[in-house]
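**Q** What follows is a predicted structure for the sequence shown.
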Amino acid sequence: MNWESVIGLEIHVQLATNSKIFSGASTSYGAEPNAQACAVDLGLPGVLPVLNERAIEMAIKFGLAIGAKINLHSVFDRKNYFYPDLPKGYQISQFETPIVGEGSIVIALEDGQERTVGITRAHLEEDAGKSIHDLFPGQTGIDLNRTGTPLLEIVSEPDIRTSKEASAYFRQMHTLVRYLQICDGNLAQGSMRCDANVSVRPYGQEEFGERTEIKNINSFRFVERAIDYEIGRQIDVLESGGIIERETRLFDPDRDETRSMRSKEFSEDYRYFPDPDLLPLTFSQALVDKIALTLPELPDAKRARYIEEFGLSEYDARSLSADLDRSDYFEAVVNTCNNSKQATNWIMGDLSAYLNRNNLEISASPVSAQQLAVLISRLDDQTLSSKTAKALFDGLWNKADSEQSVDDLISEMNLAQVSDDGELTGIVEQLIADNPGQFEELRNGKDKMLGFFVGQVMKMTQGKANPQQVNEIIRAKL
Amino acid sequence: MTDIDNSNINITHLARLGRLAIAESNHANTTQELENIIAMIDAMQSVNTDGIEPLSHPLDSEQLLRADVVSESVSRETFQKDAPRTEDGYYLVPRVVD
Amino acid sequence: MAVEKFTSLRDMSAALAAGEYSSVDLTNAHLDDIEQRNTNTNSFITIAREHALNQAQRADEQRAKGDATPLTGIPIAHKDIFCTEGLLTTCGSKMLSNFHAPYNATVVDRLNAAGVVTVGKTNMDEFAMGSSNETSFFGPVANPWDRSLVPGGSSGGSAAAVADGLVACATGTDTGGSIRQPAALCGVTGLKPTYGRISRYGMIAFASSLDQAGPMTRSAEDTGLMLSYMAGFDPRDSTSANREDEWLRAIAHQGIPKLDQPLTIGLPKEYFDNLANAQIIEAAQAELAKNGHKFKEVSLPHTKAAIPTYYVLASAEASTNLSRYDGVRYGHRCENPTSLQDLYERSRNEGFGEEVKRRILTGTYTLSVGYFDAYYIKAQKIRRLIANDFSKAFEEVDLLLAPTCPTPAFSLNEHAKDPIAMYQQDLYTVPTSLAGLPALSVPCGFVNNLPIGMQLIGPAFREDTILCVAAQFQQATDWHKRHPGESA
């Protein structure tokens, strides 16, 4: 039988606020265990939550960016369950009335095709702490620093059909929240995590199959692998006559498989109800309109502009606009050197290669956008050859000093092209004298010999001669 | 008026949800008490509430927000002074298996 | 120097200002008295001698600098539901019997800033759940008028301490009557302010949409003084009301103003059906009429539904407010837990008393899938109807007069085995809690040597109206000046 998979993602985005969603504790990452959990985060007796206005603004910003309905009236509910990383025994979330209603997002697949994925809703909630299982014998250690970090949970429609689409959707969401500057996008630190709801059904069947939920996937690659495994598993179960049970599963990246979480003998009943510590959240359309004015250029618009304004290919435009830091870098280079073609080539070529090799983000590039722009300008004015330009790039990379003057380094490394006519003419004359036979052949129309002479000059000048100029000098000798 | 079937209060399930270990020997007793309370509560079912909006808060106003400022400094030592069990700054509980 | 018992806050304040005694003297006298007589009623869970004397010392220094408020140096007690840095805060529960809050409740902070001296923490029903003070882990409190009787609850320790002359003022909290009912049963004056008037921060939650702190004293005048220092917007409590009322500040220095014209007082007829001691309220009514006030019968038709509605909402909120007591970060933890589940279940089972568990189960049930709409949402709708009843009444009258409780103080154990009979104690106090309105209980007579209280209920944020009427009433009567041990 042919099977079709149906996938929906719930993406948890940690909002980049300074303080927590309901307390004044810091949200910064990497503190000593429990050194960033204040009385409110710890759920001490008598403490009360007070909502962070910045979290609201960020949620609204996101809603506007996906063309969603912004609910001017929303409610915070308690989701009740016991777990040691959930200090109050309930999570403050939004159940019936989320702040962001229906919207959508366009994703591009590897073959360049586009697909629209519907967003059901996005709501605000507080993050839980962390349980550390392998530090103490027989005990689980609880670190509540993450408790109360604001989360925007973005729930997609079951519009996704393949694991590739799922990871493209996750990536696109990553691009978007970075553009909006509402999340630092650091997957390794858990700033974005997703749960995948997966089911399969025979092709052509209208209704959905029973689904499972894979929890807490924190990389683009794992989304694909987890979903692929789960689709395969479900098909195996169904084809051998079994049935899929609705359950929560965990992805184990080391074994490349999903496994069932906890036995389901006891079903938790979350007993959602409006949190009586928080009045309904109400804001005006005027606030929404004000935030709309602060929306930056979004990825799709930027890509279109790159094609239009800089004449980039669809592929290059998409690649450069996919990451905010990358597009900022690109534009900084172009603004200075006015050569979008070279800027594209350098960023997509050497810079990317160096960054990848050293596992660096573009924001941490040792070569600044300003330096790369000057490098390109020196190529354009023929101070550099493509060969010396590469040497210079390598030099700038190793210096890793954004204050380093590019022109100084060109002198220091002695990379400028020799364009002194007298000097070059002298070298050419010497060469002709040393190689009369080859010169004769050139004279007789063997154009290949021109390459020989140019090559020799380049060799003697350690690549610093301007090949164009050398060409002209030799031709003049004919 | 809504009819609600309260005849099968599952005390084991409720106690589990509330993480209260109620001794087997008290189940019948506790169930009876709860049934009595629910019966008392059910008197409200006779009130006609058609077209009435729920009132979740007597203030019936909107929520005040706080500025996004780090205002709390945390003294872990103070917070953990009365904690039942901690080590290296972590709160400890019996090993949890997912 | 002798400090006379049953001195009012105002008189103590004047004596301190006149230098008749120092705060240290006054505090020592209070502490000696409390240490000697607390066993009579068991009003205090914690007596804070050292803490109090430090505060008294500072109060005296403050006064010497000419920087005193009317409350500077005055000993008071806090219900053990308010978090107090440096002192135990138990909420009457084994669960918190070892809990030291690392912060003060906003109410405590505000009163400290005014210069009060905290002599101790008063006994209460466990997590404020009860109407008799019998559910406390620290033992029941006796009613000073008759030690075989309960003082009411849940602020029973505060009421008994004030009635017995151990302190002139104690703080309390009221969720469904927990200030007013013990005030009535002990013959003191107790105010439940408008919801939002006083910050709830640091006040251990029972039912968040109902809980409200308030003062318990021996007169309306002292109640007004306390209110003016306890009230005010708190950025740590987003349900506290962000408003400025001029009268609230004025009252601290100028006292409760005289009424400049007679008012219309409503008598909610549902509160007088089968009222056992109606003649006492009628006598109070006659007394008030002498000031020219008009009386008008009004109807609050949904009164009967208030108790079931209250028990649905309060239990639901309580059931999840109490989830944080899990034996992980503070509070009681069972010995040698074998698993997480065991840790949770035994810690909570051992740490909570019967009434608390009963309410957790009730709340868990009514919030469950399948019952939520029938109970919780239904109750919220009735809550609106009850609030609407009051709004309608206040279109016609300035305030309401009603009994505080159906009966005077009852015997220890009388209702302990029948929670539902106990719940009926709140019949007249719960509707105002649901509507969030201010209500004051003042002593208005005696039956069999036991005090009876009446309630004055005002529109939202009009504590001034009910305080003015109460002060006028207390000018003309001396019910509030009677003390246990004298013949009534």
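**A** Nice, I can see it. Numbering: from 1, shown residues only, chains lettered A, B, ... in the order given.
**Q** Can you give me every residue that contacts the closest residue to chain A within the stretch 351-488 of chain C?
**A** At 3.9 Å from chain A, C:Leu367 is the closest residue in the stretch 351-488 of chain C, using CB to the nearest CB. From N, CA and C alone the C-beta is placed, and that goes for glycine too. C:Leu367 makes contact with A:Asn80, A:Arg271, A:Phe273, C:Ala316, C:Ser319, C:Thr320, C:Tyr375, C:Tyr376 under the criterion CB atoms under 8 Å, 6 or more residues apart in numbering or on different chains.
**Q** Just give the nearest non-adjacent residue to it, would you?
**A** Excluding the flanking residues, the one nearest C:Leu367 by CB to CB, 6 or more residues apart in numbering or on different chains is A:Arg271, at 3.9 Å.
**Q** element containing the one you found, please.
**A** Here A:Arg271 is covered by no helix or strand, with elements defined by DSSP states H and E.
**Q** Quick one: neighbours of it, just the number.
**A** Residues near A:Arg271, counting by other CB atoms under 10 Å in any protein chain shown, number 26.
**Q** Please apply the same query to B:Asp88.
**A** For B:Asp88, the number of neighbouring residues by other CB under 10 Å comes to 13.
**Q** While we're on the closest residue to it other than its chain neighbours, how confident is the model there?
**A** Ranked by CB to CB, 6+ apart and with sequence neighbours excluded, the top spatial neighbour of B:Asp88 is A:Pro33, at 6.9 Å. Looking at A:Pro33, its pLDDT reads 97.
**Q** now the one 3 residues further on
**A** pLDDT, the model's per-residue confidence, is 96 for A:Gln36.
**Q** unless I'm mixing things up, the residue nearest to B:Asp88 is touching B:Leu92, no?
**A** No: A:Pro33 is beyond contact range of B:Leu92, at 11.2 Å (criterion: CB atoms under 8 Å).
**Q** which residues do the two both contact?
**A** Among the neighbours of A:Pro33, those also in contact with B:Leu92 (CB under 8 Å, 6+ apart) are A:Gly141.
**Q** Tell me who's in contact with residue 57.
**A** Answering for chain A, as no chain was given. A:Glu57 sits in contact with A:Ile291, where contact means CB under 8 Å, 6+ apart.
**Q** other chain: chain C
**A** Neighbour list for C:Gln57: C:Ser23, C:Val24 [criterion: CB under 8 Å, 6+ apart].
**Q** Tell me which helix or strand it sits in.
**A** If you go by DSSP H and E, C:Gln57 is part of helix C:49-64.
**Q** And for C:Ile280?
**A** Judged by DSSP H and E, C:Ile280 forms part of helix C:278-289.
**Q** Which residue would you name as the spatial centre of chain B?
**A** Geometric centre of chain B, nearest residue: B:Gly18, 6.9 Å, by CA atoms, centre = their mean.
**Q** Wait, it touches C:Ser368, no?
**A** No: using CB under 8 Å, B:Gly18 is not in contact with C:Ser368, being 10.8 Å away.
**Q** Can you classify whichever residue of chain B sits closest to chain C as helix, strand or coil?
**A** Chain C sits closest to B:Pro58 of chain B, with a gap of 2.4 Å, by CB to the nearest CB. With DSSP: H, G, I helix; E, B strand; the rest coil as the basis, the three-state label of B:Pro58 is coil.
**Q** Return the residues in contact with the residue lying closest to it once chain neighbours are set aside.
**A** Excluding the flanking residues, the one nearest B:Pro58 by CB to CB, 6+ apart is C:Gly436, at 2.4 Å. The neighbourhood of C:Gly436, defined by CB under 8 Å, 6+ apart, consists of B:His57, B:Pro58, B:Leu59, C:Thr194, C:Tyr195, C:Gly196, C:Gln212, C:Ala387, C:Ala460.
**Q** when you scan the worst-scoring helix or strand of chain C on mean pLDDT, is anything in it near chain B?
**A** Least confident helix or strand, chain C: helix C:419-423 with a mean of 83, by mean pLDDT, DSSP states H and E. Yes: applying CB under 8 Å from any CB of the partner chain, one finds that helix C:419-423 is in contact with chain B at C:Pro419, C:Ile420, C:Tyr423.
**Q** Could I get the buried residue list for that helix?
**A** Using 16 or more other CB atoms under 10 Å in any protein chain shown as the test for burial, helix C:419-423 gives C:Pro419, C:Met422, C:Tyr423.
**Q** Going along the chain from that helix, find the next helix or strand for me.
**A** Using DSSP H and E, the helix or strand that follows helix C:419-423 in sequence is helix C:430-435.
**Q** just checking, what packs against that next one?
**A** Counting contacts by 3 or more CB pairs under 8 Å, 6 or more residues apart in numbering or on different chains; DSSP states H and E, helix C:430-435 is packed against helix C:306-321, helix C:378-396.
**Q** Now do the longest one, average pLDDT.
**A** The average pLDDT for helix C:378-396 rounds to 98.
**Q** Go ahead and name everything in contact with that helix.
**A** B:2, B:44-45, B:47, B:49, B:52-56, B:58, B:60, C:264, C:266, C:268, C:296, C:298-303, C:305-306, C:308-309, C:312-313, C:366, C:400, C:431-432, C:434-437, C:457, C:459.
**Q** Just the buried ones from the residues you listed, in ChimeraX syntax?
**A** Filtering the contacts of helix C:378-396 down to the buried ones (16+ other CB under 10 Å) takes a single ChimeraX command:
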select /B:44,45,47,49,52,54,55,56,58 /C:266,268,298,300,302,303,305,306,308,309,312,313,366,400,431,432,434,435,436,437,457,459
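**Q** Point me to the residue of the stretch 1-150 of chain C nearest chain B.
**A** Closest point on the stretch 1-150 of chain C to chain B, by CB to the nearest CB, is C:Pro102, at 4.7 Å.
**Q** And the closest residue to that residue other than its chain neighbours, how far from A:Ala35?
**A** Nearest non-adjacent residue to C:Pro102, counting by CB to CB, 6+ apart: B:Thr78, 4.7 Å away. Here B:Thr78 is placed at a distance of 12 Å from A:Ala35 (CB to CB, to the nearest Å).
**Q** okay, these two: which has more neighbours?
**A** A:Ala35 (18 against 13).
**Q** what's that one sitting at in phi/psi?
**A** As for A:Ala35, its main-chain torsions (degrees, to the nearest 10) stand at phi -80, psi -10.
**Q** returning to that earlier point: tell me how many other residues surround the residue nearest to B:Asp88.
**A** Per other CB under 10 Å, the neighbour tally for A:Pro33 reads 22.
**Q** Also C:Asn336?
**A** 9.
**Q** so which helix or strand takes in A:Thr175?
**A** A:Thr175 belongs to helix A:163-179, assigned by DSSP H and E.
**Q** by contact count, what packs against that helix?
**A** strand A:3-14, helix A:53-65, strand A:103-108, strand A:114-126, strand A:192-202, helix A:220-239, helix A:299-310, helix A:324-337.
**Q** And the first one, what's buried?
**A** Looking back up the chat, that one is strand A:3-14. A:Trp3, A:Ser5, A:Val6, A:Ile7, A:Gly8, A:Leu9, A:Glu10, A:Ile11, A:His12, A:Val13, A:Gln14.
**Q** just checking, the last one touches A:Ala128?
**A** This points to A:Gln14. No: contact between A:Gln14 and A:Ala128 fails when scored by CB under 8 Å: they sit 11.8 Å apart.
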